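Chemist: any chance you could fold what I've pasted below:
(one chain, ligands or ions: 1)
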Amino acid sequence: MTTPLLDAKGLTLRFGAIPALIDVDIDITAGEVVAIVGESGSGKTTLLRVLSGMMAPDAGSVLWRGQDVLAMGEAARRRLMRTEWGYVHQNPRDGLRLAVSAGGNVGERLMAVGARHYGNIRGEALSWLAKVEIDADRIDDLPRTFSGGMQQRLQIARTLVTQPKLVFMDEPTGGLDVSVQARLLDLIRSLSRELGLSVLIVTHDIAAARLLADRILVMRRGVVVEQGLTDRVLDDPQHPYTQLLVSSVLAA
Ligand SMILES: Nc1ncnc2c1ncn2[C@@H]1O[C@H](COP(=O)(O)OP(=O)(O)OP(=O)(O)O)[C@@H](O)[C@H]1O
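Modeler: Prediction:
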């Protein structure tokens, strides 16, 4: 069996009386795409925040390549977030620097990991803008002049330019038009395959999960009620809640 890159066990977190996570186990191996699906308030974002070390659970463990994420200091976690990890926020404004040009948004991530040669940084930024289908002549424009879909593509370029191994994505297509969502999902799928990325993606969109994910975890009220290979979970759901989720999409 392949050793997981990220391996979490027994994650539990309560906000007062609200059970956000109850005894959640989750792992992800190299090159795998895992979708976390479930209704609003089921604990998906909280799980992503705990796995990425942004929030401490009441109980449980998170190992990144054998290293204890919960015990590592803030500096080490930030370093990981600049190098081996990436985080794509639902709202691109949370993941971009709005007062910095598109090229600067991509280039400064390279500088944060030691790149110094201006020509190389600009060249790399241009190549990433092309990968995410942003015209080269927009390189000096501010992200606020971009559409929502373009901002999200820029956030993806900024996140992937340092070639992380694992990317956390929290509803990356939320709030976008359906046609823009479809193109963005295609882009995420092709980039993750091309780069051999592991992706942990939160979505309430079952169709997105089917398109992207190798495996699916279904959450409800902080509990993982079902998990397995995408086709198995969606074509032959075992838990009544998963059956309801799948049938509501079929009926739509
Ligand atoms: N900082 C917080 N303080 C108090 N309660 C919180 C906090 N963060 C989340 N919660 C609660 O924990 C539960 C899980 O929230 P979470 O945001 O993880 O759900 P979600 O599945 O991501 O929902 P959505 O799809 O709407 O984003 C919810 O009941 C939420 O209200």
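
Chemist: CA only for contacts and neighbour counts going forward, please
Modeler: OK.

Chemist: contact residues of the stretch 1-150 of the chain facing the ligand?
Modeler: Within reach of the ligand by CA under 6 Å from any ligand atom, the stretch 1-150 of the chain has these residues: 15, 18, 20, 39, 40, 41, 42, 43, 44, 45, 46.

Chemist: among those residues, which are located in strands?
Modeler: 15, 18, 20 (DSSP state E).

Chemist: hang on, the earlier thing: and the furthest pair within the residues of the stretch 1-150 of the chain next to the ligand?
Modeler: 15 and 39 (17.8 Å; CA to CA).

Chemist: more neighbours: these two, which one.
Modeler: Set residue 15 next to residue 39 and count neighbours by other CA atoms under 10 Å: residue 39 wins out with 16 against 9.

Chemist: what sits closest to the more buried one if chain neighbours are left out?
Modeler: Spatial nearest neighbour of residue 39, excluding adjacent residues (CA to CA, 6 or more residues apart in numbering): residue 204 at 6.4 Å.

Chemist: give me the three-state assignment for the one you found.
Modeler: Using DSSP: H, G, I helix; E, B strand; the rest coil, the secondary structure recorded for residue 204 is coil.

Chemist: got the residues of the stretch 1-150 of the chain next to the ligand as JSON lines, with pLDDT columns?
Modeler: Compiled in JSON lines, these are given as follows (pLDDT from 0 to 100):
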{"residue": "15", "pLDDT": "96"}
{"residue": "18", "pLDDT": "93"}
{"residue": "20", "pLDDT": "96"}
{"residue": "39", "pLDDT": "88"}
{"residue": "40", "pLDDT": "89"}
{"residue": "41", "pLDDT": "91"}
{"residue": "42", "pLDDT": "93"}
{"residue": "43", "pLDDT": "95"}
{"residue": "44", "pLDDT": "95"}
{"residue": "45", "pLDDT": "94"}
{"residue": "46", "pLDDT": "96"}
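
Chemist: among the residues you listed, name the buried ones.
Modeler: 20, 39, 42, 43, 44, 45, 46 (16 or more other CA atoms under 10 Å).

Chemist: mind putting the residues you listed into JSON lines with distance to residue 224?
Modeler: Formatted as JSON lines, these follow (distance: CA to CA, whole Å):
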{"residue": "20", "distance to residue 224": "11"}
{"residue": "39", "distance to residue 224": "12"}
{"residue": "42", "distance to residue 224": "9"}
{"residue": "43", "distance to residue 224": "10"}
{"residue": "44", "distance to residue 224": "10"}
{"residue": "45", "distance to residue 224": "13"}
{"residue": "46", "distance to residue 224": "13"}
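
Chemist: which one of those is nearest to residue 95?
Modeler: residue 45 (15.3 Å).

Chemist: what sits against the closest one?
Modeler: If you count contacts by CA atoms under 8 Å, 6 or more residues apart in numbering, residue 45 has them with 170, 202.

Chemist: check the one 10 residues further on too.
Modeler: Taking CA under 8 Å, 6+ apart as the contact definition, residue 55 lies against 46, 49.

Chemist: one step back: burial check on the residue nearest to residue 39, number of neighbours?
Modeler: 19.

Chemist: that one contacts residue 35, correct?
Modeler: No: taking contacts as CA atoms under 8 Å, residue 204 lies outside contact range of residue 35: 9.4 Å.

Chemist: give me the below-cutoff pLDDT ranges for this protein.
Modeler: Confidence mapping of the chain against pLDDT under 70 gives the ranges 1, 250-252.

Chemist: one more time with 90, if that's ok
Modeler: Counting by pLDDT under 90, the low-confidence segments of the chain come to 1-3, 39-40, 73, 82, 111-120, 172-192, 204-205, 207, 247-252.

Chemist: now the top helix by length along it: how far from the chain's centre is it?
Modeler: As assigned by DSSP state H, the longest helix anywhere in the chain is helix 178-195. Computed by CA atoms, centre = their mean, to the nearest Å, the chain-centroid distance of helix 178-195 equals 13 Å.

Chemist: can you start the count at 7 instead of 1 from here on
Modeler: Fine by me, first position is 7 from now on; the one you just mentioned is helix 184-201.
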